[in-house]
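Visitor: please work out how this folds:
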Amino acid sequence: MMSGLASLLLVASAVRAFGQDNASGVASGGRQLSCRNCCSGCGAAYCSPWSCHCYESRRKPYYKACGSVPSDPGIPPPTPPPISGCLELLVIGDYGTRDSRQASIAEGLASVASARDPAAIIAVGDNIYRSGAEGSEHNIVNWWANVYLKHSSLNRRWDVITGNHDWYTDARTERDFTWSQRNIQRGGYWQMPGFWYKKSFSSSSSGVSVDAFYIDTVIWRGSRVVDRSLHGDPKQEQLDWLRAALQNSSADWKIVLGHHPVYSAGSHGMSSTLLRELDPMLRQYGVPLYLAGHDHSKQVIYWEGVNYVISGAGGARPRRRSNEYPAGSLQHYFPDGGFVGLTFCNKQEAHATIYDADGVVQAVWPVENSATSSVASYSNTAAVKLAAAVPPILPASHCGLSQLKSVDRFCSTDGCQVLPDQGDGSCHDFCLAAGLHCARAWEQGDGTCSQGISINCMQNSTELFCECTSVKSQPVFLP
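Guide: Residues are numbered from 1 along each chain as shown. Purely as a prediction, here's the structure:
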């Protein structure tokens, strides 16, 4: 018991937690608090019983933990051992990059899984770049099973959801791999029983229970590939399911996981659709924790009772920042590779641990299981002052009389200038799919609404900025 606690304190001493809105990756400092021996408590306004971190309050962590600093700060701290009676989960996203970076971070994930023994590993989408499984189970075997299952500690349940890249082709291949002999023969660890589903976890010793609700935000936000692949109204079916499932849950903790974030400091920024439709549901049914990926970084955003944690650094590299989050709400931002761990020890408080690519702890964030139903729901950015220098575009719901789908970002208030989220293609094809015409096209690679190089509307690219119009006119071509 003492040796485990000693290891935990050694790790806590080396944790590099940031101050609010810290973008540099360096501890921001702050008022030093006196710490006594963690076995007898911390001399601070609040002391987390899980990590023995001192806090000025539950929402403002002080970056230095209780305990002595290792004699050699150049030696990475060990991964903390699991805490008796606690429930552990690991969350990784945007990981299927088919390169050495993916393999390297997989080793770090395996190291932490070996030490923490999580009940499951949760994959929050973009499981295979660049275009999902492309109709072939061999791609899942090659770029998931062969990368991760060669590590014995990763031979455990993986709860998987889709990301936007998985829906560049029919994602039913990834869903149906759950029942494939290629998965079953390898232990059946890949689990995607539906595009939205619930899994329940509990600790046999502490009794703490967690209901995890997995959602498909690509279906939620709208996709042309989804429309071609699925019948009926899958978005409305998903919304109705989530509302009923949250309402009926009696678990101590309710957490929701999807690919797209509500708020984000990363290049993709916030999702106005999820802010308008999902966020009120989280608050109505007392969900204190929403986890996502999509932006290739690790973030913790805390706003009015809800913790938004992003774990999208499993392989893909970050781009420039958008800072589309409420001013003062960004608690941690790490642009390097890695993943996130969740620890649930009791009904009152959980912890989100941010790991780097090697599995070294970078920060620990307390998540209070407070009732969020009494918190006002912010359904549009007009009610929230964002940290972004340039406010995000809140477009009309249609371009003319047509609704654009498979959109990464809207770039004009009329809803007609967009960054498509379609893989390789042309602006002509993108606009035509909505019954519109291409007026102008650009190629740009930074993921922002900046007009790059003017190109022909018929030219294919994976980095498009398109302007659609309902008026058939001569499109702009290169001279």
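Visitor: show me what contacts the nearest residue to Ile215 once chain neighbours are set aside?
Guide: Leaving aside its chain neighbours, Ile215 sits nearest to Gly258 (4.5 Å; criterion: C-beta to C-beta, 6 or more residues apart in numbering). No exception for glycine: its C-beta is placed from N, CA and C like everyone else's. When the contact criterion is C-beta atoms under 8 Å, 6 or more residues apart in numbering, the partners of Gly258 are 124-125, 161, 214-217, 220, 274, 278, 290-292.
Visitor: most neighbours of all the residues you listed, which one?
Guide: Across the contacts of Gly258, neighbour numbers were computed from other C-beta atoms under 10 Å; Val124 holds the maximum, 33 neighbours.
Visitor: can you pull out the low-pLDDT segments for this protein?
Guide: Along the chain, the model assigns pLDDT under 70 to residues 1-81, 371-383, 389-390, 393-397, 473-479.
Visitor: please repeat the previous calculation with a cut-off of 50.
Guide: Along the chain, segments meeting pLDDT under 50 span 1-76, 372-382, 475-479.
Visitor: and the longest helix along the chain, what does it pack against?
Guide: For the chain, the helix with the greatest residue count under DSSP state H is helix 100-116. Under the contact definition 3 or more C-beta pairs under 8 Å, 6 or more residues apart in numbering; DSSP states H and E, helix 100-116 sits against strand 87-92, helix 146-148, strand 338-344, strand 349-356.
Visitor: can I get those in a markdown table with mean neighbour count and distance to Tyr189?
Guide: Putting the helices and strands packed on helix 100-116 into a markdown table (neighbours: other C-beta atoms under 10 Å; distance: least, C-beta to C-beta, whole Å) gives the following:
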| stretch | mean neighbour count | distance to Tyr189 |
| --- | --- | --- |
| strand 87-92 | 25 | 13 |
| helix 146-148 | 19 | 9 |
| strand 338-344 | 27 | 17 |
| strand 349-356 | 23 | 21 |
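Visitor: dump the ones you listed into JSON lines; add distance to Ala103 as well.
Guide: Shown next, in JSON lines, are these (distance: least, C-beta to C-beta, whole Å):
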{"stretch": "strand 87-92", "distance to Ala103": "13"}
{"stretch": "helix 146-148", "distance to Ala103": "6"}
{"stretch": "strand 338-344", "distance to Ala103": "14"}
{"stretch": "strand 349-356", "distance to Ala103": "16"}
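Visitor: so which of these is nearest Cys468?
Guide: The closest of the helices and strands packed on helix 100-116 to Cys468 is strand 87-92. By C-beta to C-beta, the value is 35.6 Å.
Visitor: now for that closest one, which elements pack on it?
Guide: Strand 87-92 sits against helix 100-116, strand 120-123, strand 197-202, strand 209-214, strand 306-311, strand 338-344, with contacts defined as 3+ C-beta pairs under 8 Å, 6+ apart.
Visitor: and the longest helix of the chain, C-alpha only, in CSV?
Guide: Listed next in CSV are the C-alpha coordinates belonging to helix 100-116 (Å, rounded to 0.1, in the frame of the first residue of the first chain):
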residue,chain,number,x,y,z
SER,A,100,5.5,5.4,-37.1
ARG,A,101,3.9,8.1,-35.0
GLN,A,102,0.8,5.9,-34.5
ALA,A,103,3.0,3.0,-33.6
SER,A,104,5.1,5.0,-31.1
ILE,A,105,2.0,6.4,-29.3
ALA,A,106,0.6,2.8,-29.3
GLU,A,107,3.7,1.8,-27.2
GLY,A,108,2.9,4.6,-24.7
LEU,A,109,-0.7,3.6,-24.5
ALA,A,110,0.4,0.0,-23.9
SER,A,111,2.7,1.1,-21.1
VAL,A,112,-0.1,3.0,-19.3
ALA,A,113,-2.6,0.1,-19.9
SER,A,114,-0.2,-2.3,-18.3
ALA,A,115,0.2,-0.1,-15.2
ARG,A,116,-3.4,1.0,-14.9
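Visitor: if anything else comes up later, I'll come back, but that's it for now.
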